[in-house]
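A.B. asks: This is a predicted model, with the sequence first.
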Amino acid sequence: MIILPAIDILKGECVRLNQGLFGTSEKVADSWLKTALSFKNAGAKWLHMVDLDGSLKGERVNSSIFTGAAINTRLKIQLGGGIRTMDDIFYYLSHGISRVVLGSAALYQPSLVQKAIKEYGSRIAVSIDAEKGLVKTSGWTKESGCDYIEMAKRMEDMGVEIIIYTDIAKDGMLSGPNLEHLSRLKESVSSKIIASGGIRDLADIMELCKLELYGAICGKSIYSGSLDLKQAITTVEQAG
């Protein structure tokens, strides 16, 4: 399983939110670059980044930060937030980003997902962000009424290889991931699953390993100190 430390960008700063609520924004680091390099030094090979401004505006906002991270760290960058067009996808993938994440666009523009998958394959991931099992979009501000399993199956049918699942109620709360939802998702689709939201410590990481997931995104747990990134990466690698 891959551990992906997270850096969320809002107004050019590294922040964390609780349950996706922008009013809970808290600055967690002075420098996104120093933070990214510290993750690399801990053994990370991937970095999950989110353009929070972009997710609200539906357009690229902090693009220079993300392309800068790719150039200056040589980490593989997985990027989401405000990526709504083929032009956005092409821009990032041609400027050093390893994988882009489609969220709102995946639900409202299925033709975009189909085109992107046909063109870029596994360099495209889809983010399914749900509250009580129902998908939310546009920076988690809009309810869709779509069940997360239903959406996952739609994405699988389109050929999506990687799905990121976030339980919004768990996100930033350090209360443990939603193992029940993740288990159901793993059993329902053949796509690779990346868990996001609620991961607190090494015990949570090991529970996710038991589910044989593809990856786990860790943000607040690293910043708060409840999870030692280097230890987590080493433990997962030793577990095989």
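C.D. replies: Happy to help now that I have it. Residues are numbered from 1 along each chain as shown.

A.B. asks: I'd like to know how many residues surround Leu93.
C.D. replies: When counting by other Cβ atoms under 10 Å, one arrives at 18 neighbours for Leu93. From N, CA and C alone the C-beta is placed, and that goes for glycine too.

A.B. asks: surely it meets Glu119?
C.D. replies: No: Leu93 lies out of contact with Glu119 (Cβ atoms under 8 Å); the separation is 9.1 Å.

A.B. asks: Spatially nearest residue to Met155, not counting backbone neighbours?
C.D. replies: Val126 (4.8 Å; Cβ to Cβ, 6 or more residues apart in numbering).

A.B. asks: meant to ask about Ser221, not that
C.D. replies: Closest to Ser221 by Cβ to Cβ, 6+ apart is Leu227, at 3.7 Å.

A.B. asks: per-residue confidence at the one you found?
C.D. replies: Note on Leu227: pLDDT of 98.

A.B. asks: ok, it touching Ile199?
C.D. replies: Yes: counting by Cβ under 8 Å, Leu227 does reach Ile199; the two are 6.9 Å apart.

A.B. asks: Could you name every residue contacting both of those two?
C.D. replies: Ile205, Cys218, Ser221 (Cβ atoms under 8 Å, 6 or more residues apart in numbering).

A.B. asks: taking these one by one, which sit in helices?
C.D. replies: Ile205, Ser221 (DSSP state H).

A.B. asks: and Ser31, how many neighbours does it have?
C.D. replies: 11.

A.B. asks: mind checking how far it is from Met173?
C.D. replies: Here the criterion is Cβ to Cβ, to the nearest Å. By it, Ser31 lies 26 Å from Met173.

A.B. asks: Only the buried residues of stretch 69-81, if you could.
C.D. replies: Within stretch 69-81, the residues that count as buried by 16 or more other Cβ atoms under 10 Å are Ala69, Ala70, Thr73, Leu75, Lys76, Ile77, Gln78, Leu79, Gly80, Gly81.

A.B. asks: Also stretch 49-59?
C.D. replies: Met49, Val50, Asp51, Leu52, Asp53, Gly54, Ser55, Leu56, Gly58, Glu59.

A.B. asks: and the gap between Ile97 and Glu13?
C.D. replies: From Ile97 to Glu13 the distance is 20 Å (Cβ to Cβ).

A.B. asks: Also Arg184?
C.D. replies: Arg184 is 36 Å from Glu13, by Cβ to Cβ.

A.B. asks: Doesn't Leu47 belong to a strand?
C.D. replies: Yes: the assignment for Leu47 is a strand, going by DSSP: H, G, I helix; E, B strand; the rest coil.

A.B. asks: Which residues are in contact with the spatially closest residue to it that is not a sequence neighbour?
C.D. replies: Nearest residue to Leu47, sequence neighbours excluded (Cβ to Cβ, 6+ apart): Leu75, at 4.6 Å. Neighbouring residues of Leu75 by Cβ under 8 Å, 6+ apart: Ala36, Phe39, Lys40, Ala44, Lys45, Trp46, Leu47, Ala69.
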